[in-house]
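Visitor: The following block contains a protein sequence and its predicted model.
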Protein chains: 2
Amino acid sequence: MNTYLQNDPWCIIEEGFHANKQLESESIFSLGNGHIGQRANFEEHYSGETMLGSYIAGIYYPERAERGNWKNGYSDTNEKIINAPNWTGISIRLNDDRLDLAAWDVQDFKRVLNMREGFLERTFEAVSLKGHRILVTVKRFLSMAETEIGAISYSVKSINYEGRISFLPLIDGDVKNQHTNYNEQFWNVLQTKTQQDVSHLWAQTRRNDFHVCAALTYVLYKNNEQLNVNPTKIEKEKIAGFSVGADVRIGDTICLNKYVAIINSLNHPREELTERACSLALAAKKKGWNQLFEEHTAVWAEKWLQSDIIIEGDIAAQQAIRYNIFQLNQTYNGNDARLNISRKGFTGEKYAGATRWDTEAICIPFYLCTSAPKVSRNLLLYRYRHLPKAIQNAEKLGFKNGAALFPVATFNGEESHNEWEMTFEEIHRNGVIAYAIYNYIRYTGDESYLTEYGLPVLIGIARFWAQRVSISSEKKKFMILGVTGPNLYENNVNNNWYTNYMAVWCLKYAIESIDKVKQSNFRAFEDLSKNIQFTNDEIFQWKDIIENMYFPVNKELGIFLQQDGFLDKTLTPVTEIPESQLPINQHWTWDRILRSSLIKQADVVQGLYFFEEDFDSKTLRKNFEFYEPLTVHESSLSPCTHSIVASAVGDRQKAYELYLRTARLDLDDYNNEVKDGLHITSMAGTWLTIVQGFGGMRVKDEKLHLKPHIPEKWSAFAFNILFRGNQLSIRVEKNRIIIHNIKGEAIDLYINDKLVHILAESKEEVSN
Amino acid sequence: MNTYLQNDPWCIIEEGFHANKQLESESIFSLGNGHIGQRANFEEHYSGETMLGSYIAGIYYPERAERGNWKNGYSDTNEKIINAPNWTGISIRLNDDRLDLAAWDVQDFKRVLNMREGFLERTFEAVSLKGHRILVTVKRFLSMAETEIGAISYSVKSINYEGRISFLPLIDGDVKNQHTNYNEQFWNVLQTKTQQDVSHLWAQTRRNDFHVCAALTYVLYKNNEQLNVNPTKIEKEKIAGFSVGADVRIGDTICLNKYVAIINSLNHPREELTERACSLALAAKKKGWNQLFEEHTAVWAEKWLQSDIIIEGDIAAQQAIRYNIFQLNQTYNGNDARLNISRKGFTGEKYAGATRWDTEAICIPFYLCTSAPKVSRNLLLYRYRHLPKAIQNAEKLGFKNGAALFPVATFNGEESHNEWEMTFEEIHRNGVIAYAIYNYIRYTGDESYLTEYGLPVLIGIARFWAQRVSISSEKKKFMILGVTGPNLYENNVNNNWYTNYMAVWCLKYAIESIDKVKQSNFRAFEDLSKNIQFTNDEIFQWKDIIENMYFPVNKELGIFLQQDGFLDKTLTPVTEIPESQLPINQHWTWDRILRSSLIKQADVVQGLYFFEEDFDSKTLRKNFEFYEPLTVHESSLSPCTHSIVASAVGDRQKAYELYLRTARLDLDDYNNEVKDGLHITSMAGTWLTIVQGFGGMRVKDEKLHLKPHIPEKWSAFAFNILFRGNQLSIRVEKNRIIIHNIKGEAIDLYINDKLVHILAESKEEVSN
């Protein structure tokens, strides 16, 4: 547990410099705006331990895959998020002495991540080896309004120093990832150029030819008055910028505002990159710090209105949930269907920055509730755009006739994961992509999505399942053999209940969706059918599978079996495992994990979460009570889902206990791994734990349902959601629930199964 | 199919130079003597495609493992066989023109591997770009009598050339493997030194510090008369040798005999290596070609007496079986318990040259029948010496109390294989190590082995199984979950019948062996018990497992189930798979292979082979008939075992058909892969197919049993075996069997279940 941070409802605060926690702080204090992501690397030179993290959304590199034990069908490359040219650097010199917090004496260090307004501020006093003392204040933000702009205000006040203070604002193209397979260089720097008032660096990724240009300009102030001094231009092979400074006396303050534009070939023609970057940087400077910042905070104000959660009586919980909401909004803004959300967002290299099933399972539900439908729609369109690649991917694996298998991990639709038990067998991922379409339409009511985009994806997925089932020679039922379920502590199992259930659900939903589109737009359906050679015979085959699928169950225990043979394990609850052996993934070899009854995250519970309405409460409870004690929750996606189901089955204590495991995962660094980056996707899970778990929020038959309960420790909690044009705030107190219909027309919703009508811009109170 | 070789009962013959088959020929014409192995690389410079293969038994390198998807418990290194300094090189020059068969015109090329006498000979005419024509004859052998000596006689006759012919006999230390993970250099050359009449190169492997020294000397002849000319000494950083030559006129022949000693630090003190190597080379020269060669062929004569098989009426079969016997004897001579047999022997790099379960499953049975017990005993001792490492290996995986798990692949007892489904789960390998002890004692009657060496290994293995079983929550039986059986086309299955059967057998045999040793040498048993903290409680636990082990069966079909759930597959016989998709391991992705019913080699059939006496003939037949049609035999170990069982169940046609798949596997290059090296271990299988399959040879209750039948195409076959002091030759004709008791006392044996008594040095004939 990491307890060096202060509690505060709106800020993350580090007081005193924790050099041994610098990697952790770099993750925790990360900034982002959906287009650029930046770990909290210091602007000035730092010779201590650090991991650069300067990422640009959509810019990745197809690195040659490490060849361990190769299999037919593996990809030759592993795409990964890469460090882009570093835009943050501002080297500081007192005469020839370069400021370095690892070498200088540091006092009164304070670092604050202001979540309400989305900026990072550092203040400290530093004393050079010669005894020169300065007071430094650095503030930076990545504009949420103009996402190609980053700004830094770097202020140095002399306490006892007289002499020159130089600032070197730089763009550094000499960057690499901390982990690379073969030490490959990812970037060619094509040009560095420094003009009178703007400097840029233009670089290109090798192999996949993304172009990026970063341009910087600055304003220098002395005691709040702008200084116009001639800078020295810096224009090296891989670095561009300025060196500029002024002489100070004791008490003087020099401040440099750095404005950077970072643009790339995803959004601009290559040949105009340098010109546009320079213009953008200059325009930002012209606009000035205050206006840029105001526009930025206005976006944040809107985000908070849509997604804030208030927790009263528990400041640590309050801080943590805001932190999650903040980081999620920093990671994805929903404006670009080519982008997605990776496990670590823009805060580290782990998991390579690729998109996984987390998006559909857990992030879309968050964005559905907290932003305009367009945001989730773009996440769906991301997969729609990858459909041709998913069909190719399935073909590689021996499928045909337009069957689609979406990849385990991807940037561009191609599989970038090479582990047979995942790449080829963790096929449930295909189901959740269909489920997300269902979920989106259920929440937003946007049936139009189906006709144009949803149906081809649903049919591709249905075709996959229809070919992936096989018939048991003995039982004469359809089965799905050789899969890995969401519980990754099982590999290559037969008849994973969750996968089988998901497959059947996909087939049903595809048929249902076909019927809907046929009715609403027959012509569109006919065009599609022709285009993808769809025939009604397929529907007959799907129905056969739906009716004759095998599901492993144990009637005596009243449970669904995780997979065939699960009860042949020696069932040992987590409580019987010695502390010293947890987490098992760090202490046990893989075979031991696989054959134990311990579960990373319970598949069956995941299925209960998705398909809750299909089961009666006894079934839900029996299964939850059977599986939860066996679950080690060593996936960051696990506690949230289990907490929501615990709430649903009325096990409030378990629900809160599991909530605690997810709430401050990164802030308290439970697993001693936050240095690698934040658990961005699981942050959405924490939000859902409160809203769907404690709030009991569901959408059924086009209506919002709430069944709130409040954790004992809290005095009240409130959450904001956006539902079909209504901006709602739901406040849950010990004995009452207050619904505020902030925006939109009057709305009918259900609280504890009772219909409540709330007028526009009104509040209703219901006792609980 | 590869048909460029000629049939001959004693020779492998290539007529005409097949440059496009050079890699294949390099494998096929390999020489070895158990200490050194050498692919048929040309002595002279060759600019065409070639793969160097100069190996020394026991010299390997711990290369850094490629990290694909890492798991706890994997080894950081992958040991591999490496190219040792190349001893064969003799560069030939006509003035400044270097002989190169890839550049010169080659005529009347002939390459002969003489298996009876164990040498390789090449003759050809070569015409230089200037039109100079020479007739070349090269003969080489690796002495079976003095295994540290190799000799080459390189003769060049001028047909139309007048001028100088130079020979450069060399030792080349600038060698590397064709495949390396990280392009690492394996060798440091410590010294090259050329004296008046002997030149040596001394090298050391990096990291694991093996030392090797190769010394060469030579004699030069002109028209059969020794020439004494001063050589030029060659002493470069990584190369040592001489340049020596003479002027020729048309019709003159210059011949250089090169004598090389290759010794290493496994057998000699490091500090004496150079001196000893030089002395050995000079002693070989002094002894002279003829005597060296005679001593060498005398060893081969004895080998053939012990292991030859004669096949009449099928010259291709005759050649092939002798080829297998020849290569097996070249690979392992049984003199050193630190050495073993790898899949490719000394003929290629594939499988890294490590020891696998092939040794116990298939090679020991061959050596038991064809050589003195010492040879097989040394193969057993190899594992005995690795017992401490096997215990460490098991500890790594969470086992305790002296449980031993021998590695999948090894040189020094440490696991050098990194694939969880094999490394951690292909645990049946542990069983066959116990079985080999049983097999050895059954064949040789050498019970003394048990007391000193066998029992600690058997107890270590039994302890492993006792900890590896678990109890089914549902069935309350012992089970073995999460294994990979011999059929590698299944991974991570539960209750693999073969593995469960083997585990129980190991426990039974350990108990039986403990009882035997207790009776024969109670004191020794007590010492051992104390030493390894063995208690009688363990035996009670083992008995519990023996009595309560679960075995998957299907009573209706009368078969043992390969594993739980096997009948849930859609059963599809190999005959229904389109030719274009075979072999499936080249055409299908891994998941598809795993969930199909196709079997690489049938586990159950492997079990029937090992434990034939435990089952009645109906059970044998039903299981064979169920599994064989599902088996693709894509393991080179598969057809032989299945052929033997086919013979046992009376399916003679299938037995012969499967024999054909193994008989000329390398000579006809069935799988287009002989360029990578020979299938050395499966060659033992072919031998067994004839002797145990067609010959029906078994040992039961200390007696030899034969039940011969003869393939239709053959007129007769005969095999030589050594059984407990008797050298026997068994000749099987269409209507009779003739047993010749060549050496040893009178013997009783069973032919078709009838007792036959054969006097010393006599023959007996029995009708068949």
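Guide: That came through fine. Numbers count the residues shown, from 1 in each chain, chains lettered A, B, ... in the order given.

Visitor: give me the low-pLDDT residue ranges for the stretch 601-750 of chain A?
Guide: Applying pLDDT under 70 to the stretch 601-750 of chain A flags no residue at all.

Visitor: quick one, helices of it?
Guide: Per DSSP state H, counting those that start in this stretch, the stretch 601-750 of chain A carries helices over the ranges A:603-610, A:617-627, A:638-648, A:652-663, A:680-688.

Visitor: so how far is the first residue of stretch A:582-594 from its last?
Guide: 15 Å (CA to CA, to the nearest Å).

Visitor: Now for the closest residue to residue A:315 other than its chain neighbours, how many residues are close by?
Guide: With CB to CB, 6 or more residues apart in numbering or on different chains as the criterion, residue A:315 has its nearest non-adjacent residue at 4.8 Å, and that residue is residue A:7. (Each C-beta comes from the backbone N, C-alpha and C, glycine too.) Here the number of neighbours of residue A:7 (other CB atoms under 10 Å in any protein chain shown) works out to 15.

Visitor: For residue A:114, see how far away residue A:245 is.
Guide: The spacing between residue A:245 and residue A:114, counted by CB to CB, to the nearest Å, is 29 Å.

Visitor: same question, residue A:224
Guide: Distance of residue A:224 to residue A:114, given as CB to CB: 22 Å.

Visitor: what about the two, which has more around it?
Guide: residue A:114 (19 against 8).

Visitor: OK, contacts around the residue of chain A found nearest chain B?
Guide: Going by CB to the nearest CB, chain B is nearest to residue A:68 of chain A, at 1.9 Å. Taking CB atoms under 8 Å, 6 or more residues apart in numbering or on different chains, we find residue A:68 in contact with B:65, B:66, B:67, B:68, B:69, B:70, B:418, B:419.

Visitor: what separates the longest helix along chain A from the chain centre, distance-wise?
Guide: When chain A is scanned for its longest helix (criterion: DSSP state H), the result is helix A:497-520. Relative to its chain's centre, helix A:497-520 lies at 28 Å (CA atoms, centre = their mean, to the nearest Å).

Visitor: Could you do stretch A:278-293 as well?
Guide: 29 Å.

Visitor: neighbouring contacts of it?
Guide: Here stretch A:278-293 makes contact (CB under 8 Å, 6+ apart) with A:117, A:119, A:141, A:143, A:145-146, A:148-149, A:151, A:153, A:195, A:197-198, A:200, A:215-219, A:257, A:259-261, A:263.

Visitor: could you flag which of the residues you listed are buried?
Guide: For the contacts of stretch A:278-293, a burial check counting by 16 or more other CB atoms under 10 Å in any protein chain shown picks out A:117, A:119, A:141, A:143, A:145-146, A:148-149, A:151, A:153, A:198, A:200, A:215-219, A:257, A:259-261, A:263.

Visitor: What segments of the stretch 101-250 of chain A are strands?
Guide: Applying DSSP state E, counting those that start in this stretch to the stretch 101-250 of chain A gives strands spanning A:105-114, A:119-127, A:133-142, A:149-158, A:163-172, A:187-194, A:199-205, A:211-222, A:225-227, A:232-235, A:239-248.

Visitor: repeat for the stretch 251-400 of chain A
Guide: Along the stretch 251-400 of chain A, the segments classed as strands by DSSP E, counting those that start in this stretch run A:253-264, A:309-312.

Visitor: got TSV for those strands, with distance to chain B and mean pLDDT too?
Guide: Converted to TSV, these look like this (distance: least, CB to the nearest CB, whole Å; pLDDT from 0 to 100):
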stretch	distance to chain B	mean pLDDT
strand A:253-264	31	98
strand A:309-312	38	98
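
Visitor: among the ones you listed, which is nearest residue B:685?
Guide: strand A:253-264 (60.3 Å; CB to CB).

Visitor: The closest one pairs with which strands, and in what direction?
Guide: strand A:149-158 (antiparallel), strand A:211-222 (antiparallel) (DSSP bridges).

Visitor: ok, back up a step: output the strands of the stretch 101-250 of chain A in JSON lines, with mean pLDDT and distance to residue B:311 appended to each entry.
Guide: Listed next are those as JSON lines, based on pLDDT from 0 to 100; distance: least, CB to CB, whole Å:
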{"stretch": "strand A:105-114", "mean pLDDT": "98", "distance to residue B:311": "83"}
{"stretch": "strand A:119-127", "mean pLDDT": "98", "distance to residue B:311": "83"}
{"stretch": "strand A:133-142", "mean pLDDT": "98", "distance to residue B:311": "80"}
{"stretch": "strand A:149-158", "mean pLDDT": "98", "distance to residue B:311": "82"}
{"stretch": "strand A:163-172", "mean pLDDT": "98", "distance to residue B:311": "75"}
{"stretch": "strand A:187-194", "mean pLDDT": "98", "distance to residue B:311": "66"}
{"stretch": "strand A:199-205", "mean pLDDT": "98", "distance to residue B:311": "64"}
{"stretch": "strand A:211-222", "mean pLDDT": "98", "distance to residue B:311": "70"}
{"stretch": "strand A:225-227", "mean pLDDT": "97", "distance to residue B:311": "100"}
{"stretch": "strand A:232-235", "mean pLDDT": "97", "distance to residue B:311": "82"}
{"stretch": "strand A:239-248", "mean pLDDT": "97", "distance to residue B:311": "77"}
